[in-house]
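A.B. asks: here is the input, now give the coordinates:
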Amino acid sequence: MVLSRRRVLTIGGLGLAATAVGGAAVWKLWPDSGGSGGSGDSGENPPVGAEFVQPEELTSASGDLTVDLDAAPVRVQLAGVEASVLGYNGGLPGPTLRIRSGDRLRVNLHNGLNDPSNLHVHGLHVSPEGNSDNVFVMVEAGQSFAYDYQLPDNHPPGVYWYHPHHHGYVADQVFGGLYGAIIVDDPVPIPSARERMLVISDIALASSGQVAAVNAMQQMDGREGDIVLVNGQVNPALAARPGERERWRIVNACVSRYLRLQLDGQLMQLLGIDSGRFENAEEVTEIVLAPGNRADLMVTAQAGTSVLRAFAVDRGSHSGTSGAMTSGGTTSGGMMGGSSGTSDTTALATLVVAGSEVQPLGALPTQPKPRDLRSATVTARRELVFDMGMGMGMGANMMVSTINGRVFAGDRVDTTVAAGTVEEWTLTNASTMAHPLHLHVWPMQLIEQNGQTVSKAPWQDVVNIPARGQVRVRIAFEDFSGRTVYHCHILDHEDTGMMGVVEAR
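C.D. replies: Coordinates of the predicted model:
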């Protein structure tokens, strides 16, 4: 695709926009909010950490992957501090699960926590019932549960992830360290020198080394930790040779933090966001991920040293509080909530490209053209309104997060859809801060943003709705029936009620 230098192509949901800059693009999940442009950095390179370490990888064989997953407290080194956190199988993050379409994934989850938990396979198109991606399952402390997921033969390739999803405990458990990646391999491999998994998360520690407690204000706005990690590391070092093409799979596993990512000096080509894959890779200069979003990225190494940086994003605020994120990954007030600063940066990883140049790989292969629901027959149109306010009655002094004026109730079905049909949903944000909507099981195609038609409607399972904004999506409720949920992926908002139940039947 050829873009003029000044042309802006609106691609979807809250401004998934590609802006031409010297032949490249800037991919964003919402319109600019007035934050700074450019590198936003002083030019000084931050201290580089230890060598980059990938999570353990467990790979399916003969169509099957069976995994034992133990959620439990662990002691780890974080930013030079002995910390008491949570982890799967003693690690932070947990192991990467590599599977293929048509595979059967079985996870034997043991809950070694002091609180109830469960497991959600975020983004996978699998059944929401029984022992599959059933968020209504509760695994009591000390108990186990055998999950069994059957992927369809046509399941989209891409990067996904898993994390707890027991209502009321989700933010605490994910913030504490419970998350891991899932890769659904391409049916035809895409050539690269190597693959890297980057699970980005944040955390805050008390002076004791325990995970810091959250207060009501931070929960209201959505907590952001003052330590930002890649695979549990602070600014790890990566090495490559000039000309090598690497595949970076990036997961935003933060509870509330939006990530505006840049890797200056390197050639980046975006294969897709979430489960959506583009027909042709897009050359990009910047990627913005809401909590829960993932990016599938090709990096062709150019000689020199480059820092992968996360620029702060102004996501609005209900309380009006804000924090300034420093280049070391800290905030002036410890754990910030609500409105992140818009000019400061965090160094996530440092890439050193040196040595003899390698023979470049060929052009990236064209992928199958994505499905387009814009010409499909729509059987129902609905509106979901996201808002925040003070509770009534016993909760009069507490902030509540609502969808269509109601807080979550697991025994109530909020939306009933006809299995096998296509619906159009209008997502309206009545509040003063952004809310990224995640729909389980069925991905969404973004078709309209703030009244403007999206010219290149991508597929995502997390769609950002900016403050006072509106987005329109289409959803094909096919392959599965049963109950599941949609919710704000600022996980504190989910825990305080911004979640609804949808049933396909």
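
A.B. asks: helix or strand, whichever it is, which one in this protein has the lowest mean pLDDT?
C.D. replies: Least confident helix or strand of the chain, by mean pLDDT, DSSP states H and E, is strand 8-12 with a mean of 28.

A.B. asks: ranges for the helices of the stretch 51-200 of the chain?
C.D. replies: Counting by DSSP state H, counting those that start in this stretch, the stretch 51-200 of the chain has helices at residues 170-176.

A.B. asks: what's across from V501 in the sheet?
C.D. replies: V501 forms beta bridges with V485, as assigned by DSSP bridges.

A.B. asks: give the contact list for it.
C.D. replies: Contact analysis of V501 by C-beta atoms under 8 Å, 6 or more residues apart in numbering lists 408-410, 412-415, 483-485. The C-beta positions use only the backbone N, C-alpha and C, and glycine is treated the same way.

A.B. asks: do the same with G355
C.D. replies: 241-242.

A.B. asks: could you check how far the residue sitting furthest away from the middle of the chain is from E244?
C.D. replies: Farthest-out residue of the chain from its mean C-alpha position, per C-alpha atoms, centre = their mean: S356, at 35.8 Å. Note on S356: its distance to E244, by C-beta to C-beta, to the nearest Å, is 11 Å.

A.B. asks: and L97, by the same measure?
C.D. replies: 26 Å.

A.B. asks: so for the two, which residue has more residues nearby?
C.D. replies: Neighbour totals were compared for L97 and E244, and L97 leads with 25 against 20 (other C-beta atoms under 10 Å).

A.B. asks: excluding chain neighbours, what is closest to the more buried one?
C.D. replies: I182 (4.7 Å; C-beta to C-beta, 6 or more residues apart in numbering).

A.B. asks: per-residue pLDDT of the spatially closest residue to L105 that is not a sequence neighbour, please?
C.D. replies: Of all residues not flanking L105 in the chain, Y149 sits nearest, at 4.4 Å (C-beta to C-beta, 6+ apart). We have a pLDDT of 98 for Y149.

A.B. asks: circling back to that earlier point, okay, and which of the contacts of V501 map to strands?
C.D. replies: Those of the contacts of V501 mapping onto strands are 415, 483-485, per DSSP state E.

A.B. asks: a markdown table please, covering those residues and showing distance to V188.
C.D. replies: Listed next are the ones in strands among the contacts of V501 as a markdown table, based on distance: C-beta to C-beta, whole Å:
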| residue | distance to V188 |
| --- | --- |
| T415 | 37 |
| R483 | 36 |
| T484 | 31 |
| V485 | 34 |
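
A.B. asks: quick check, nearest of the residues you listed to P189?
C.D. replies: For the ones in strands among the contacts of V501, the residue nearest P189 by C-beta to C-beta is T484; the value is 31.9 Å.

A.B. asks: contacting residues for that closest one?
C.D. replies: Taking C-beta under 8 Å, 6+ apart, we find T484 in contact with 128, 133-135, 440-441, 501-503.

A.B. asks: tell me, what's the model's pLDDT at it?
C.D. replies: 98.

A.B. asks: likewise R371?
C.D. replies: For R371, the model assigns a pLDDT of 94.

A.B. asks: the one 3 residues further on now?
C.D. replies: According to the per-residue confidence, R374 scores 94 in pLDDT.

A.B. asks: give me the three-state assignment for it.
C.D. replies: helix (DSSP: H, G, I helix; E, B strand; the rest coil).

A.B. asks: hang on, the earlier thing: give me the buried subset of the contacts of V501.
C.D. replies: Among the contacts of V501, those buried by neighbour count (16 or more other C-beta atoms under 10 Å) are 408, 414-415, 483-485.

A.B. asks: quick one: secondary structure of M217?
C.D. replies: helix.

A.B. asks: state the pLDDT value of it.
C.D. replies: We have a pLDDT of 88 for M217.

A.B. asks: returning to that earlier point: so can I have TSV of the buried ones among the contacts of V501 showing distance to N111?
C.D. replies: What follows is these, written out as TSV (distance: C-beta to C-beta, whole Å):
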residue	distance to N111
F408	22
D414	28
T415	30
R483	22
T484	21
V485	20
